[in-house]
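A.B. asks: Need a 3D model of the sequence below.
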Amino acid sequence: MRRRYLLLGAVTAGWGTIPVLASWSQLPSALIVAFRLWTAALCLAGVLLVERIRSRAGRRRGGGRFAGAAGQPPRLLSVKPLQCGLAAVVLGLHWLALFAAYQRAPAGTVILIVYLAPIGVAALAPRLLGERLGRTTLVALGAAIAGFSLLAVPSVHAAGAAGLILSLIAAALFVALILVSKSLAPAYGGLRLAFLELAGAGVLVIPVAVVAHWPPVSASWLWVVVLGVVHTALGITLYLSVLAEIPATHVGIMSYLEPVVVVLAAWLWLGQRPALATILGGVVVVAAGVTLARSATSPSGGDHGGQAAIVPVDPAVPSP
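C.D. replies: Predicted structure coming up:
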């Protein structure tokens, strides 16, 4: 179980380098979102195609005896198709609202508002997902929020109404995305659910990309390819795979590692030196994540170790 938390921490921390790579790409935010989605969806489509070819070849070699065997992942959109479509729409709208907020309000303000989302997840997960919030989870959540406040508050400045509204919309959509994805991940697995969400969101943003300003093609666009392949296709696949195994509340808490690395990456590559309070906040957030990882494998099962804290959403849905 601890490995899943370490993997989740690595993914969310890796996402902290996204603002640096996005700035190096020199592209408008709408095109960054669109290219990330399109590149990632194409990559995952290729992986699924190869998987399907290998599966057919294996069935032919086995004389068809493996066809329909138990444990085979469901076909795309065969389980909860409306929820799959909802997840794709929520993902696309979340990213569009987030980047639009960055254009209208200081980054510190946007981050502070958007990363209130784990509080919403913690509030709704017991009712919607049947997750029990143990003492360790509540302590870790409180520490993560306190550390994140120290990290983000120094960079918060006055923002206009549009920036604040868009930030709140992005935060609400972030909550919805985690909760909806959590209910789908056990059925589809990380790879298929990532493709469904990214491909659907990619279609959603086509009109936005069409009307966006397209600068001349340059080598800097390769950074968006990196974002699409590594941070999006690989990162989201791993993220959703872990989401199927551990409580959504824990996933929300671990997501606070992303803004910590945002600050670190900006310091290393953009010359933005953090304040002492920011550094202290980052240390507290990391400590909260370590607390969750340790509790997941503690002999006493301190906080139910993740899986035990989950009541299955739909017992009729097969596991991948």
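
A.B. asks: Per-residue pLDDT of Leu8, please?
C.D. replies: We have a pLDDT of 92 for Leu8.

A.B. asks: Helices along this structure, start to end?
C.D. replies: Remark: helices assigned in the chain by DSSP state H are 2-14, 18-25, 29-61, 81-104, 107-114, 117-128, 135-152, 161-204, 206-211, 222-226, 235-243, 248-254, 257-270, 276-296.

A.B. asks: Tell me which of these sits most buried.
C.D. replies: helix 248-254 (a mean of 27; mean count of other Cβ atoms under 10 Å). (C-beta placed from N, C-alpha, C; glycine too.)

A.B. asks: what does that one rub up against?
C.D. replies: The contact list for helix 248-254, computed with Cβ atoms under 8 Å, 6 or more residues apart in numbering, reads 5, 8-9, 12, 117-118, 121-122, 125, 129, 131, 133, 137, 140-141, 144, 178-179, 182, 239, 242-243, 288-289, 292, 306.

A.B. asks: tell me the mean pLDDT over that helix?
C.D. replies: The average pLDDT within helix 248-254 is 87.

A.B. asks: now stretch 37-48
C.D. replies: For stretch 37-48, mean pLDDT is 96.

A.B. asks: ok, and what's touching that stretch?
C.D. replies: Contacts for stretch 37-48 (Cβ under 8 Å, 6+ apart): 92, 95, 191-192, 194-195, 198-199, 201-202, 205, 224-225, 227-229, 232-233, 236-237.

A.B. asks: residue contacts, Leu240?
C.D. replies: Contacts for Leu240 (Cβ under 8 Å, 6+ apart) come out as Ser181, Ala185, Gly189, Gly190, Leu193, Ala194, Glu197.

A.B. asks: Gln83: which of the residues you listed is nearest?
C.D. replies: Of all the contacts of Leu240, Gln83 sits closest to Ser181, with 9.4 Å by Cβ to Cβ.

A.B. asks: residue ranges with poor pLDDT in the stretch 51-200 of the chain?
C.D. replies: For the stretch 51-200 of the chain, the stretches flagged by pLDDT under 70 are 62-71, 106-108, 152, 155-159.

A.B. asks: now do the stretch 201-320 of the chain
C.D. replies: Low-confidence segments of the stretch 201-320 of the chain (pLDDT under 70): 296-320.

A.B. asks: quick one, what contacts the closest residue to Leu6 other than its chain neighbours?
C.D. replies: Spatially, and ignoring its direct neighbours in sequence, Leu6 is nearest to Ala293 (6.4 Å; Cβ to Cβ, 6 or more residues apart in numbering). For Ala293, the contacting residues are Arg2, Tyr5, Leu6, Gly9, by Cβ under 8 Å, 6+ apart.
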